[in-house]
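**Q** Build me a model from this:
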Amino acid sequence: MRPSVPLTALIATLSPFAKATPPESPPGASGASGLVTGVVKAAREESLGPVASAEAVPGPAFLHAGPMLGHVSESAAKIWVKASNKATLILKIGRAPDLSDAKLIPGPVLDVGTEFTGVVEAGGLEAGTRYYYAPMLNGMPALARPWPSFATTGGSRGTLRVAIGSCAGRRGYEAAASFGEMNARRGIDLLLMLGDNHYADTTDAVKLRDHYFMQRTVHGFSFLTREVPVYAIWDDHDYGPNNSDGTLPGKATSLRIFNQWWANPSAGEPENPGCYFRFSRSGVDFFMLDDRYHRTPNGAPEDGKKTMLGARQLAWLKQSLSESKAVFKVIAAGSEWQTRTQDDGWASFAREREEIFSYIRRQNLENVLFISGDRHFTAGYQIQDRFLELTSGPIGSRNAALKANPELFTGNDKGKMWVVLDFDTATGTPRFSYEIQQAGGGLLERRELTMDELNGRAKIAPSTLLAPAHIGKKP
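**A** Next comes the predicted model:
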């Protein structure tokens, strides 16, 4: 246990306007001025999260964060919650909006060992059906009506709208506008968080939990993900310090805390830890990669073994792609795939990137889309005139500037942004389009791409969003 921060200090850390710092009083100062100075000092020192998220709150257990909907399939759904202190979790779930037909599903005991977090999985559900639910703590409903709801998946083909984003910002409120608008608009079926979902920049368990809690309790995110399934991978800032790699001490702690705070379908493989996994929805297969846990340092020489994914995860990706029968295949990583990206992207792992690209070519895989985050802008690339990449963000972080790039066909580097991917596999002719959404600015661009453009058989024309200087020249 660490000492708690005074309530006034917590308020100060939450306020973006609390900038001024009065001079410190001399030793032994007392009275109101001494108290204010102590509060401001505590607020200034509390730089890694506004509350001590894992400490038990006295009194009966209540819902501290969540519920958050994780992986949903045709017959099951995972629901994550965090209690304020020790509690037994039970899920009440049914088809009736008033839960009059509900059944009870036992969940785990939420205790200090999991920082009062836990996931309950509702099985035996029917495909294509809407369910209403209420988490219960120690036998009491933890929410008020109306009960949140979700729909199980309904088949191997259909339409699908997927929001993707990254770079949530160092303080929770920085992403509030983006998540608030996502929640207000809805109209998406899934949310994919592509890394830098918080900026703890550490493997310290306490600080990691504080930052997850800060991210999880942003109002828009909290209400959106009660009803929209969310899937997550990480990048450097929510894995460890900036540009962290597989040599990072304490990485197992980062993975343990990550798995406590997300409800993905799986994490890594029994003999190969990591946060990677795959899932399917409406004729689209998603391959969510771990670009940190097994990563060779960016600056290491290319010796034929330098890797971002590690040998086992790379083999898993190839096998998963070869097994896929989906119309579309989406490969997600925190790091950018395009050729002229920064040193912390796939540009530093050109051999391994080319191995993936060559495998796709040799296997004649069609309709493969690469997605990424990390760069604090949103952009689209046609890599090597063949492979399509969309990088999305920042949801909350400061912007970085787009640079001239011959692979670039769209992009924007102003404001807080996310991308929406639209897939249609319901008919014999698949369709794909993307949207660039901006908090406060609405829809910046919506564009349908042909299957020839998606598969590199046709050049994608530059977007009107781009300035001529952004397009660049081929080397």
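**Q** Just give me the residue closest to the centre of this structure.
**A** The centre of the chain sits closest to residue 193, judged by CA atoms, centre = their mean, with a distance of 1.7 Å.
**Q** Tell me where the stretch 351-475 of the chain has helices.
**A** Along the stretch 351-475 of the chain, the segments classed as helices by DSSP state H, counting those that start in this stretch run 451-454, 468-471.
**Q** Please disregard the earlier target; I meant the chain.
**A** 7-14, 31-45, 176-185, 205-216, 219-224, 236-239, 251-261, 311-323, 350-362, 451-454, 468-471 (DSSP state H).
**Q** So which of these is nearest residue 113?
**A** helix 251-261 (9.7 Å; CB to CB). No exception for glycine: its C-beta is placed from N, CA and C like everyone else's.
**Q** angle of the closest one against helix 205-216?
**A** Calculated by axes from the mean of the first three to the mean of the last three CA atoms, to 10 degrees, helix 251-261 forms an angle of 30 degrees with helix 205-216.
**Q** Just the buried residues of helix 251-261, please?
**A** Buried residues in helix 251-261, defined by neighbour count with 16 or more other CB atoms under 10 Å: 251, 253-255, 257-261.
**Q** Which member of those is positioned nearest residue 277?
**A** residue 259 (10.8 Å).
**Q** which residue packs closest to that closest one, ignoring adjacent ones?
**A** Spatially, and ignoring its direct neighbours in sequence, residue 259 is nearest to residue 267 (5.4 Å; CB to CB, 6 or more residues apart in numbering).
**Q** Mind pulling the model confidence for that neighbour?
**A** The score at residue 267 is 98. That number is its pLDDT.
**Q** what about it, neighbour count?
**A** 17 (other CB atoms under 10 Å).
**Q** Please point out which parts of stretch 377-386 sit buried.
**A** For stretch 377-386, a neighbour-count test (16+ other CB under 10 Å) marks 377-383 as buried.
**Q** Name the nearest residue to residue 180, ignoring sequence neighbours.
**A** Nearest residue to residue 180, sequence neighbours excluded (CB to CB, 6+ apart): residue 220, at 3.7 Å.
**Q** mind listing what the one you found touches?
**A** Counting by CB atoms under 8 Å, 6 or more residues apart in numbering, residue 220 touches 176, 178-184.
**Q** now, among the buried residues of stretch 377-386, which is nearest to residue 426?
**A** residue 380 (24.5 Å).
**Q** Specify the beta-bridge partners of the closest one.
**A** residue 390, residue 410 (DSSP bridges).
**Q** Show the pLDDT at it.
**A** 98.
**Q** How far does stretch 201-220 sit from its chain's centre?
**A** Between the centre of stretch 201-220 and the centre of its chain there are 13 Å (CA atoms, centre = their mean, to the nearest Å).
**Q** quick one: contacts of stretch 275-282?
**A** So stretch 275-282 is in contact with 71, 73, 153, 155-160, 189-190, 231-234, 255, 258-259, 264-268, 285-290, 293, 313, 316, 320, 326, 423, 425, going by CB under 8 Å, 6+ apart.
**Q** PyMOL command to pick out the buried ones of those?
**A** Entered in PyMOL, the line below selects the buried ones among the contacts of stretch 275-282, by 16+ other CB under 10 Å:
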select buried, resi 71+73+153+157+158+160+189+190+231+232+233+234+255+258+259+264+265+267+268+285+286+287+288+289+290+293+313+316+320+326+423+425
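**Q** taking the contacts of stretch 275-282 one by one, which sit in strands?
**A** 71, 159-160, 190, 231-233, 285-288, 423 (DSSP state E).
**Q** re the thing from before, compute the distance between the closest residue to the residue nearest to the centre of the chain other than its chain neighbours and residue 54, please.
**A** Distances taken as CB to CB, 6+ apart place residue 232 nearest to residue 193, at 4.0 Å, with adjacent residues excluded. Residue 232 is 20 Å from residue 54, where distance means CB to CB, to the nearest Å.
**Q** Can you check what pLDDT the model gives the residue nearest to residue 214 when sequence neighbours are not counted?
**A** Distances taken as CB to CB, 6+ apart place residue 172 nearest to residue 214, at 4.1 Å, with adjacent residues excluded. If you check residue 172, the pLDDT there is 89.
**Q** and what of residue 121?
**A** The predicted local confidence for residue 121 is 98.
**Q** ditto for the one 4 residues further on
**A** The predicted local distance difference test score for residue 125 is 98.
**Q** got a list of what it touches?
**A** Residue 125 neighbours (CB under 8 Å, 6+ apart): 74-77, 131, 152.
**Q** When you filter the residues you listed down to buried only, what's left?
**A** 74, 77, 131, 152.
**Q** Okay, and the beta partners of the nearest residue to residue 105 once chain neighbours are set aside?
**A** Computed as CB to CB, 6+ apart, the closest residue to residue 105 that is not its neighbour in sequence is residue 91, at 4.4 Å. The partner list for residue 91 in beta bridges (DSSP bridges) reads residue 105, residue 135.
**Q** if I pick residue 91, what's in contact with it?
**A** By CB under 8 Å, 6+ apart, the contact set of residue 91 is 79, 104-105, 107, 120, 122, 133-136.
**Q** Pipe those residues into JSON lines and attach neighbour count per row.
**A** Compiled in JSON lines, those are given as follows (neighbours: other CB atoms under 10 Å):
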{"residue": "79", "neighbour count": "28"}
{"residue": "104", "neighbour count": "12"}
{"residue": "105", "neighbour count": "18"}
{"residue": "107", "neighbour count": "21"}
{"residue": "120", "neighbour count": "22"}
{"residue": "122", "neighbour count": "21"}
{"residue": "133", "neighbour count": "25"}
{"residue": "134", "neighbour count": "19"}
{"residue": "135", "neighbour count": "26"}
{"residue": "136", "neighbour count": "21"}
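**Q** I'd like to know how many residues surround residue 427.
**A** 8.
**Q** Equivalent analysis for residue 56, please.
**A** 17.
**Q** again with residue 431
**A** Neighbour tally, residue 431, other CB under 10 Å: 16.
**Q** For the closest residue to it other than its chain neighbours, list each beta-bridge partner.
**A** Spatial nearest neighbour of residue 431, chain neighbours left out: residue 424 (4.1 Å); criterion: CB to CB, 6+ apart. Beta-bridge partners recorded for residue 424 (DSSP bridges): residue 159, residue 431.
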